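K.L.:
heads up, no residue letters with this:
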C-alpha cells in the first residue's frame, strides 16, 4: 500500500523521501527553464544556424567546388535548428531546491552567476504558521504582450515566441508575504511543480496528525482502569 502511495512522488520534479534522526524529510529538486535563459538559448541557436550556413558557403567558395563538409554545415544550419534549440534549452535549465520536515520548510534558491560563489544557504519557514503554494504571472508578461501586439499589428503573420507570457512564478505565501521559489517557463511544468509541493506539504501534515493521534502506550488507547471493559 505504501509502495503504491509513493508512486505519486515519482517523475518530475525529482523527489526524495528520507529519514533523518527518526523524522521524515522530503526534498524536491525543481529543475526548470527560466524565460531569460530560454530566450538566450533560442537566439544562440539562430546565430549558430547562420554561422553554419555561412561557413558552408565560404568553404565551397574557397574550394571552388561543393564538398561534403560544406554540405553538412549548410544542411545542419538549415534543418538542424530544432534539435540544437532543444539541446541548448536543456543545458540552460537550472534547479531550485525545497525541503519539507515535520516542522519546517527550507528553500534554496537558484544560484546566480558568478558560479564560483558559495552554495546558497537554506531559508527556513515554520510549517505551523499559515502558508500555501500558488502560481503567479510573470512581472514582464504584460510588457511582452504589448510588444507582441504591436508587432502583429504592423507585421501581420509574424511568428513570435512568448517567453514571459508563458511563464509563472512558483510562490510560497507565508504569513501574508510572498516568497518566489522558482521562475518557470511553461505552464505545464509550473503546474507539475506546484502539484508536487502541495502533495509534499499535505503528506507532512498527514504524518504530523498521525503522530498526534497514534497511541504511544497501551493505556493511552482508553481511560478505564486496568482490567476493566471499555464501554
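P.N.:
Cool, the structure landed. A quick note: this is a predicted structure, and the numbers were derived from the prediction, not measured.

K.L.:
in the longest helix along the chain, what counts as buried?
P.N.:
Ranked by residue count and defined by DSSP state H, the top helix of the chain is helix 35-63. The neighbour-count check on helix 35-63 (16 or more other CB atoms under 10 Å) flags 35, 37-38, 41-42, 45, 48-49, 52-53, 55-56, 59-60 as buried. The way it works is simple: take the backbone N, C-alpha and C, and place the C-beta from them, glycine included.

K.L.:
And stretch 125-142, by the same measure?
P.N.:
For stretch 125-142, by 16+ other CB under 10 Å, it's 125, 127, 131, 133, 138, 141.

K.L.:
Just put the buried residues of helix 35-63 in JSON lines and tack on distance to residue 96 and pLDDT.
P.N.:
Formatted as JSON lines, the buried residues of helix 35-63 follow (distance: CB to CB, whole Å; pLDDT from 0 to 100):
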{"residue": "35", "distance to residue 96": "15", "pLDDT": "95"}
{"residue": "37", "distance to residue 96": "13", "pLDDT": "93"}
{"residue": "38", "distance to residue 96": "16", "pLDDT": "93"}
{"residue": "41", "distance to residue 96": "19", "pLDDT": "92"}
{"residue": "42", "distance to residue 96": "22", "pLDDT": "91"}
{"residue": "45", "distance to residue 96": "25", "pLDDT": "88"}
{"residue": "48", "distance to residue 96": "28", "pLDDT": "85"}
{"residue": "49", "distance to residue 96": "31", "pLDDT": "81"}
{"residue": "52", "distance to residue 96": "34", "pLDDT": "78"}
{"residue": "53", "distance to residue 96": "38", "pLDDT": "78"}
{"residue": "55", "distance to residue 96": "38", "pLDDT": "77"}
{"residue": "56", "distance to residue 96": "41", "pLDDT": "74"}
{"residue": "59", "distance to residue 96": "44", "pLDDT": "75"}
{"residue": "60", "distance to residue 96": "47", "pLDDT": "72"}
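
K.L.:
And the lowest mean pLDDT element among the helices and strands of this structure?
P.N.:
Scoring the helices and strands of the chain by mean pLDDT, DSSP states H and E places helix 2-6 at the bottom, with a mean of 60.

K.L.:
give me the low-pLDDT residue ranges for the chain?
P.N.:
Scanning the chain for pLDDT under 70 picks out 1-5, 61, 66-67, 70-71, 73-74, 111-119, 211-231.

K.L.:
now the helices for it?
P.N.:
So, for the chain - with DSSP H - the helices run 2-6, 35-63, 68-79, 81-91, 141-154, 187-213.

K.L.:
before we move on, back to that, make JSON lines from the buried residues of helix 35-63 and add distance to residue 204 to it.
P.N.:
As requested, the buried residues of helix 35-63 are exported to JSON lines (distance: CB to CB, whole Å):
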{"residue": "35", "distance to residue 204": "31"}
{"residue": "37", "distance to residue 204": "31"}
{"residue": "38", "distance to residue 204": "33"}
{"residue": "41", "distance to residue 204": "36"}
{"residue": "42", "distance to residue 204": "39"}
{"residue": "45", "distance to residue 204": "42"}
{"residue": "48", "distance to residue 204": "46"}
{"residue": "49", "distance to residue 204": "48"}
{"residue": "52", "distance to residue 204": "51"}
{"residue": "53", "distance to residue 204": "54"}
{"residue": "55", "distance to residue 204": "55"}
{"residue": "56", "distance to residue 204": "57"}
{"residue": "59", "distance to residue 204": "61"}
{"residue": "60", "distance to residue 204": "64"}
